[in-house]
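# here's my sequence, what's the structure:
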Amino acid sequence: MNSFVTKIVRRVVPACIGLALVAGAGFAADAPIDRTKPPTLGPLKPLKVPVVQTQTLPNGLQLAVVEMHEVPVVDCMLMVRAGAAYDPPESPGLASFVAGMLDEGAGKRSALEISEEADYLGAQFGTGAGMDHAQIGLHVPTARLTAAFDLMADVALRPAFPDSEIVRQRELRKNNILQLRDQPTAMAPLAFHAILFGAAHPYGHPQGGSDASTAALDRAQVTRFYQTHYRPANAKLLFVGDITMAEARKLAEARFGGWAKGAVPARPAGVAPAPAARTFYLVDKPGAPQSVILIGNLGVPRSTPDYYALRVMNNLLGVSFTSRLNQNLRELHGYTYGARSSFDMYQQAGPFRASSSVHTAKTDSALIEFFKELRRVRDEPVPAEELAKSKAYIALGLPGEFETTQGAAGRFLDLLAYDLPLDSYNSFIEKIQAVTAADVQRVAQKYITPDQFTIVVVGDRSQIEAPIKALNEGPVELRDLWGQPAK
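Model (predicted):
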């Protein structure tokens, strides 16, 4: 699932690898190693993915369980259709604020007590919201699951929303928004989404709120949003780890079986503005030593049948270190520390984006190289060796994502979130391997549209405006942090 705004503080527990060395033993090689070229990859092994079991409780809560008994830990995720797309038009940022408030006091526990109990249980616990969904996440040793799940149920079903915490979190958010003005890498996506989707689209407003909407936040808004959207028929509960369906169902029924039903809000609908001719939108940041470049157009929803071809195409374009964008802008020209591209896939079509931070004096030169690569992937068939490497990169990386309960939970949550077949990963590698050079060029031509690019550049206007105009690639407009015409 696409990344969400989160408060969880993760503990990183390093893996310990034991090396058994026999005293006096030496290492002998049958033949010298040729270090001038990388080793040849062996054949891909079949990926065995655990089965997803599903049931539905009488109140409409969907339950999914993935058994992984190798390690005595369990990950539990409650996902609710209550992401930023469900924000009221007059209250951008409300969904993420409500999700962040869930563990700031719940049941008989204060915010501090919730944090202390999670620590005592050895649990990782957090709440947050992304574009389409809000989530409550728990990672805990199996022996402490019952107590930790009690805590999770309190947070999900009995949040207190104390006025004192609402005021505190509101002030923190105000400060965060003020700080955005000093963070060009955060400014560019805000302006880009507002321009690409427009204010009437559920994806066109800031997930973290605006100055005005944050100032207006109060307990009545928070409670109303929670009561409207946090309903069992609007939610899915996933267990991954050392647990059976019978055990999970018993826990879920005991803690969530009494969750009152209620009307489920309709999914938000929105139509993005009709594609316009390629335009540059400058957000002025006087004195900035770098320019943040964000180029893109409307992309695809997660349900697209072109998902696998897009994964392969985008990987060779701007995901791996050896991708075309990174090799060109970083390795060949030295304009940046990194350049990348992505398709953000949501319930509805999200954006295609190519981005980088470049030295101010090289802004126009970097744009030329961006356009070169974005046009080349459309116009020229991908060489067989590059295609094979891109497919191997994706296929070889997938098994590692199922090595831990946390990784597996993230992958299965993506399927649950967008109502995709729960056995999708069983055929994932085969479908990646089936992508052809013609498929890559077809989806590039269909979903990367240079003549309709929205191009946001955050940087020192006095240094970059004239060189960008001299490119003659499109008109230049001035916008503010929120993507509105600059005064």
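
# how about residue 150, what does it touch?
residue 255 (CB atoms under 8 Å, 6 or more residues apart in numbering). C-beta: built from backbone N, CA, C; applies to glycine.

# could you give the mean pLDDT of the helix or strand containing it?
Assigned by DSSP states H and E, residue 150 belongs to helix 145-157. Helix 145-157 shows a mean pLDDT of 97 in the predicted model.

# can you check stretch 388-398 too?
Mean predicted confidence for stretch 388-398 is 94.

# about what we covered before: buried ones in the helix holding residue 150, by neighbour count?
In terms of neighbour count (16 or more other CB atoms under 10 Å), helix 145-157 has its buried residues at 145, 148, 149, 150, 151, 152, 153, 154, 155, 156, 157.

# ok, stretch 453-462 next?
Neighbour-count burial for stretch 453-462 [16+ other CB under 10 Å]: 453, 454, 455, 456, 457, 458, 459, 460, 461.

# in CSV: the buried residues of helix 145-157, plus distance to residue 356.
What follows is the buried residues of helix 145-157, written out as CSV (distance: CB to CB, whole Å):
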residue, distance to residue 356
145, 44
148, 42
149, 43
150, 47
151, 42
152, 40
153, 44
154, 44
155, 39
156, 40
157, 44
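
# among the residues you listed, which pair sits farthest apart?
Greatest spatial distance among those (CB to CB): 145 and 157, at 17.5 Å.

# that older thread, so which of the buried residues of stretch 453-462 sit within strands?
The members of the buried residues of stretch 453-462 that map onto strands under DSSP state E are 454, 455, 456, 457, 458, 459.

# number of residues surrounding the residue nearest to residue 44 when sequence neighbours are not counted?
Beyond its immediate neighbours in the sequence, the residue positioned closest to residue 44 (CB to CB, 6 or more residues apart in numbering) is residue 395, lying 5.6 Å away. Each residue near residue 395 was counted by other CB atoms under 10 Å, and the total is 18.

# so how far is residue 436 from residue 395?
15 Å (CB to CB, to the nearest Å).

# what does residue 124 give?
For residue 124 relative to residue 436 (CB to CB), the value is 42 Å.

# okay, these two: which has more neighbours?
Per other CB under 10 Å, whichever of residue 124 and residue 436 has more neighbours is residue 124, with 19 against 14.

# doesn't residue 136 make contact with that one?
No: look at residue 124 against residue 136 with CB atoms under 8 Å: they stay out of range, at 11.8 Å.

# ok, residue 196 - contacts?
204, 272, 273, 296, 297, 298, 351, 454.

# and it, what helix or strand is that in?
helix 184-197.

# and for residue 353?
strand 351-359.

# can you check what angle separates that strand from strand 454-459?
30 degrees (axes from the mean of the first three to the mean of the last three CA atoms, to 10 degrees).

# got the end-to-end distance for stretch 112-130?
Start and end residues of stretch 112-130 are separated by 25 Å (CA to CA, to the nearest Å).

# oh, that last question was meant for stretch 249-265, not what I typed.
Note: stretch 249-265 ends 26 Å apart using CA to CA.

# show me what counts as buried in it.
Here stretch 249-265 shows 249, 251, 252, 255, 256, 259, 262 as buried, counting by 16+ other CB under 10 Å.

# what's the pLDDT at the fifth one?
This points to residue 256. For residue 256, pLDDT reads 97.

# how much space separates it from residue 235?
Distance from residue 256 to residue 235, by CB to CB: 9 Å.

# what do the two both touch?
Joint contacts of residue 256 and residue 235 (CB under 8 Å, 6+ apart) are residue 61.

# mind listing the strands in the stretch 301-450 of the chain by residue range?
Assigned strands in the stretch 301-450 of the chain, in chain order: 339-343, 351-359 (criterion: DSSP state E, counting those that start in this stretch).

# of these, which is nearest residue 38?
strand 339-343 (22.6 Å).

# other SSEs contacting the closest one?
helix 307-318, helix 324-326, strand 351-359 (3 or more CB pairs under 8 Å, 6 or more residues apart in numbering; DSSP states H and E).

# nearest to residue 57, out of these?
helix 307-318 (30.6 Å).

# contact partners of that closest one?
Under CB under 8 Å, 6+ apart, the answer for helix 307-318 is 300, 304, 323-326, 339-343, 345, 354, 373-374, 377, 382, 386-387, 389-391, 393-394, 428, 431-432, 434-435, 439-440, 442-444, 447.

# what does stretch 199-212 give?
For stretch 199-212, with CB under 8 Å, 6+ apart as the criterion, the contacting residues are 5, 84-87, 89, 92-97, 129-131, 173-174, 176-177, 190, 193-194, 196-198, 217, 268-272, 346, 348, 350, 482.

# pull the distance from that stretch to the chain's centre.
Using CA atoms, centre = their mean, to the nearest Å, the mean C-alpha position of stretch 199-212 is found 17 Å from that of the whole chain.

# now do that stretch, average pLDDT.
What stretch 199-212 shows for mean pLDDT is 94.

# elements contacting the helix or strand residue 118 falls within?
Using DSSP H and E, residue 118 falls within helix 111-120. Packing partners of helix 111-120 (3+ CB pairs under 8 Å, 6+ apart): strand 124-129, helix 145-157.

# what angle separates the last one from strand 124-129?
Spelled out, it's helix 145-157. Going by the same axes, to 10 degrees, helix 145-157 makes 20 degrees with strand 124-129.

# got the domain ranges for this structure?
As assigned by automatic domain parsing, the chain contains the domains 49-256, 279-479.

# I'd like these laid out as a markdown table, including distance to residue 33.
Listed next are those as a markdown table, based on distance: least, CB to CB, whole Å:
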| stretch | distance to residue 33 |
| --- | --- |
| domain 49-256 | 34 |
| domain 279-479 | 21 |
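
# ok so, going back, tilt between the helix holding residue 118 and strand 124-129?
Using the same axes, to 10 degrees: helix 111-120 against strand 124-129 is 130 degrees.
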